[in-house]
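In: Here's a sequence, model it:
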Amino acid sequence: MKIFLSSGVTMVSILQYRLISLKIGFTHSTVRKMSRIIILAITLCLVEISFTQGDNLQWWNPAEGKLPVISNQAWTKEVQSIYHRLPARAKENVRQAVWNLSKQSAGLSLRFRTNADTIHIRYRIKGMIDFPHMPATGVSGIDLYRTSDNGNWQRCWGSYSIKENSKYTFIIDDASDSYMHKAGDYQLYLPLYNEVEHLEIGVDKKFLFEALPLINKKPIAAYGTSICQGACASRPGMAWTNILERKLARPVINLGFSGNGRLEPELIKLISEIDAEIYILDCLPNLRPDLHDTYQLTIDAVKQLRKKRPGVPIILTEHVGYADDGTNQKSLDIYIRLNIELEKAFDSLKTEGFSNIFYLSRKDLGLRVDSFVDKIHPTDLGMQEYARAYEQLIRKIWNTQMAVQKTDKEGQAHPPCNVENIPHYTSFKINTPIRIDGKLDEAVWGDAPKSERFRDLISGRGTIHDTRAAVLWDDVHLYVGYWIEEPNLQASLTERDAPIYTNNDVELFIAGEDAYYEFEINTYGTIYEVLFIWEEAYKSKGYNKKSEFDRDAEGVRPFNGVGYKNHPKGKRIGFWNWDYPGLQSAVHVDGTINDDSDRDRGWSVELAIPWAGMNSFLGENVQIPPNNSDVRRMDFSRFNQYKEAPPASDSGGWAWSPHGVWDSHVPECFTFIHFSEVIIPGE
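Out: The predicted model follows:
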């Protein structure tokens, strides 16, 4: 048993006691007996301290939640254990070796938010702790990262014990810039080559802790070998799929199966079920030229994927090569023959007219002699080289897709945002109406998935202060909440429909049928509303027949955008006197407004928006309230009269979905809100 002595009681003090005792005449046997008593007392004291500290911790078990929280998992609702990678039904269709490997948690992770200075993880694993060529920290360890205020990744570390019942303690030093009791977003990567049976995360009860929702973006699905699974990374965060996820801010599903990535149709069928943004087929290291028909396996795999997922990009990756190819002719011959067959398959597919097929060569991967642990498996350096090669190719694919966007006569791309990065969010249902007071203290708000941290409206870069939003709904209302960190609360406007955008504010846009609604509010709770209709749709969509949209009424005038003046739909008609019927709004302030002598925490906004009011602009064929899985487009933003000092590039406007231009009035860049009839756990 290991004993860690608290400050003030050390083995040195025991030794001092023994020396003093001898000086004053105690016998050696008496001293030994008294020393044992002291050590026993210290041990009991330490045990008591340990239990006391344990009692002060709040523990979160991801398996006990009602909402999915495991990132990079393709079949969230179908897995036998939340830490498995394939659906339970796959057991009947895939080889036993593949099924056993699918229980290992490679690539899976958990996201949470806390301001704790110490984070405890305890988990139980089932399998070998380490391998001869891969350390325990990679095979069975976990890895914790957090994002800084500017969006950069930071690693956390502390102490650990890896065995069947493992423990990690991560310390966030209170002297570091990352601490200051400021909540941060964390990502915990799970073991690469072990099966997790149970896991809990604990922080002191005095600190904030909340699970973060899954990132609702189309993933990249990677199917491959032991290299894809993560061998031989020194720790989970260094597996190339996990590195790639951090670089691209996009989920990467790890379907690497050590020794068993063989382009099998059973696996390809499963992979085709994933609505992926890009598919990666990196299986050649598990094929043998004398045993497998690499050419035909590749042709069949691509055609099988394309039958289910037409047009989705597919990357075919060459064998990375062997570390000993300069001293072993057999090794050299094996991967050369495999790569020749892969290239032949790629050329045949292109000749048949298959587009969006991409080739990643051994040369592109760029591994060197020192990039390997053994004959084939990459070191951390090799993993970084793998991730870099994939990142470069994927960004090239994205840039190619962006190049086909429509452009106006002045060469402005439309839409101006990167459509691949537009967020997707799932809004869950509630049964009990929310009391609108701005505090956001109802249990349902605590359980609602929050947005990612708002980013700069133009550049998409990280921002100095935290801003998030969440959306809930029932059969009567759409509910929107904002959490706004602001150290110096300011406001001046108190008259309804004053230009609130000249104060620090938050804004909401709701897209309709060739129309959209704009709402703004400041810390005083003063609101501003406008409804915009595209000029070309005013008559064709029947808006001219609605009395509320009489264009000759007071407060109606043309509008042509703010910083994006060349929208392909042309000009809009703005109805500045239109008020949303039944709208409820409230602000809660944590600080003092217009008082520069103190430091404020921020403010929160709570909205209840009746579905019935959307009949005016959503269109006749849109279900109100929404059906399960219906999608709406909404925009959530924050505008500040201050800007972060150089060298930061702060436009002063921050948004959940950056637009690429200084203009919120681009519905094509609005966030996708997916409505679910699943009742939020807080109910």
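
In: can you pull the contacts of N165?
Out: 122-124 (Cβ atoms under 8 Å, 6 or more residues apart in numbering). (C-beta placed from N, C-alpha, C; glycine too.)

In: how about 10 Å then?
Out: N165 makes contact with 122-125, 197-198 under the criterion Cβ atoms under 10 Å, 6 or more residues apart in numbering.

In: Next: E495.
Out: 526, 528 are the contacts of E495 under Cβ under 10 Å, 6+ apart.

In: could you measure it against G65, distance?
Out: According to Cβ to Cβ, to the nearest Å, E495 stands 45 Å off from G65.

In: go on, A233?
Out: For A233, the distance to G65 - Cβ to Cβ - is 28 Å.

In: Could you do I533 as well?
Out: Applying Cβ to Cβ, the value for I533 to G65 is 43 Å.

In: Please say which of these two ends up with more neighbours.
Out: Each of I533 and G65 has its neighbours counted (other Cβ atoms under 10 Å); I533 has more, 26 against 13.

In: Give the helix, strand or coil label for M128.
Out: Taking DSSP: H, G, I helix; E, B strand; the rest coil as the rule, one finds M128 in the coil state.

In: how close does the closest residue to it other than its chain neighbours get to A231?
Out: Once flanking residues are discounted, M128 sits nearest to V139: 6.7 Å by Cβ to Cβ, 6 or more residues apart in numbering. V139 sits 9 Å away from A231, going by Cβ to Cβ.

In: sorry, back to before: just give me the closest of the contacts of N165 to L188.
Out: Of all the contacts of N165, Y123 has the smallest distance to L188: 10.0 Å, by Cβ to Cβ.

In: before we move on, back to that, overlap in contacts of V139 and A231?
Out: Each of 131, 192-193 lies in contact with both V139 and A231 under the rule Cβ under 10 Å, 6+ apart.

In: Next, P310: phi, psi?
Out: Main-chain torsions, P310, degrees, to the nearest 10: phi -60, psi 140.

In: so what's it up against?
Out: Contacts of P310 by Cβ under 10 Å, 6+ apart are N356.

In: swap in V369?
Out: 323-326.

In: again, only this time at 8 Å
Out: The contact partners of V369, by Cβ under 8 Å, 6+ apart, come to A323.

In: State the distance from the residue lying closest to D325 once chain neighbours are set aside to H133.
Out: Leaving out its chain neighbours, the residue that sits closest to D325 by Cβ to Cβ, 6+ apart is L332, at 4.2 Å. Using Cβ to Cβ, L332 is found at 22 Å from H133.

In: So which of the two has more stuff around it?
Out: Higher neighbour count among L332 and H133: L332, with 15 against 12, using other Cβ under 10 Å.

In: Quick check: which element contains the more buried one?
Out: Using DSSP states H and E, L332 maps to helix 329-351.

In: hey, C-alpha coordinates of that helix in CSV?
Out: C-alpha atoms of helix 329-351 as CSV (Å, rounded to 0.1, in the frame of the first residue of the first chain):
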residue,chain,number,x,y,z
GLN,A,329,14.0,-6.7,-49.9
LYS,A,330,10.9,-8.7,-49.0
SER,A,331,9.4,-5.8,-47.0
LEU,A,332,10.1,-3.5,-49.9
ASP,A,333,8.4,-5.9,-52.5
ILE,A,334,5.3,-6.4,-50.3
TYR,A,335,4.3,-2.7,-50.0
ILE,A,336,5.3,-1.8,-53.6
ARG,A,337,3.1,-4.6,-55.0
LEU,A,338,0.1,-3.5,-52.8
ASN,A,339,0.5,0.1,-53.8
ILE,A,340,0.6,-0.7,-57.5
GLU,A,341,-2.7,-2.6,-57.1
LEU,A,342,-4.3,0.3,-55.2
GLU,A,343,-3.2,2.8,-57.8
LYS,A,344,-4.6,0.6,-60.6
ALA,A,345,-7.9,0.5,-58.8
PHE,A,346,-7.9,4.2,-58.4
ASP,A,347,-7.2,4.8,-62.1
SER,A,348,-10.0,2.3,-63.1
LEU,A,349,-12.5,4.0,-60.9
LYS,A,350,-11.6,7.4,-62.4
THR,A,351,-11.9,5.9,-65.9
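
In: which residues sit against that helix?
Out: Applying Cβ under 8 Å, 6+ apart, the contact partners of helix 329-351 are 284, 287-289, 293-296, 298-299, 302, 316, 318-322, 324-326, 357, 359, 361-362, 375.

In: if you set the cut-off to 6 Å instead, what comes out?
Out: Under the criterion Cβ atoms under 6 Å, 6 or more residues apart in numbering, residues 284, 287, 289, 294-295, 298-299, 302, 316, 318-319, 321-322, 324-325, 357, 359 lie in contact with helix 329-351.

In: Check stretch 548-564 too.
Out: The contact list for stretch 548-564, computed with Cβ under 6 Å, 6+ apart, reads 543, 567, 571-577, 661-663, 665-666.

In: likewise stretch 320-327?
Out: Stretch 320-327 is contacted by residues 331-332, 335, 362, 365, 367, 372, 375-376 when judged by Cβ under 6 Å, 6+ apart.

In: Where does the nearest residue to Y390 once chain neighbours are set aside sit: helix, strand or coil?
Out: Of all residues not flanking Y390 in the chain, L244 sits nearest, at 5.4 Å (Cβ to Cβ, 6+ apart). State at L244, reduced to three classes by three-state DSSP: helix.

In: Does L244 touch A389 like I think?
Out: No. Look at L244 against A389 with Cβ atoms under 6 Å: they stay out of range, at 9.8 Å.

In: Among the contacts of helix 329-351, which are located in strands?
Out: 316, 357, 359 (DSSP state E).

In: what about V556, how many neighbours?
Out: Other residues within reach of V556, judged by other Cβ under 10 Å, total 16.

In: Beta-bridge partners for it, please?
Out: F575 (DSSP bridges).

In: where's it relative to L57, distance?
Out: 59 Å.

In: repeat for K565
Out: 56 Å.

In: per-residue confidence for Y580?
Out: pLDDT, Y580: 97.

In: so where's the protein uncertain?
Out: 1-55, 150, 174-182, 401-412, 681-683 (pLDDT under 70).

In: switch to 80 and redo it
Out: Scanning the chain for pLDDT under 80 picks out the ranges 1-55, 66, 148-151, 173-183, 399-413, 420, 621, 644-649, 680-683.

In: Show me where it has its helices.
Out: Using DSSP state H, the helices found in the chain span residues 11-23, 28-55, 96-102, 136-139, 226-229, 240-248, 265-272, 294-308, 329-351, 362-365, 380-403, 443-447.

In: re the thing from before, and the shared contacts of V139 and A231, which is closest to L618?
Out: Among the shared contacts of V139 and A231, L192 lies closest to L618 (Cβ to Cβ), at 47.2 Å.

In: Show the contacting residues for the residue nearest to the closest one when sequence neighbours are not counted.
Out: In this structure, L192 finds its nearest non-sequential neighbour in G230, 3.5 Å apart by Cβ to Cβ, 6+ apart. For G230, the contact set (Cβ under 6 Å, 6+ apart) comprises 106, 192, 239.

In: Same check on N260?
Out: N260 sits next to 97-98 when contact means Cβ under 6 Å, 6+ apart.

In: K206 versus that one, what's the distance?
Out: 47 Å.

In: next one: P568
Out: The gap separating P568 from K206 is 54 Å, by Cβ to Cβ.

In: what do you get for N503?
Out: Between N503 and K206 the computed distance is 34 Å (Cβ to Cβ).
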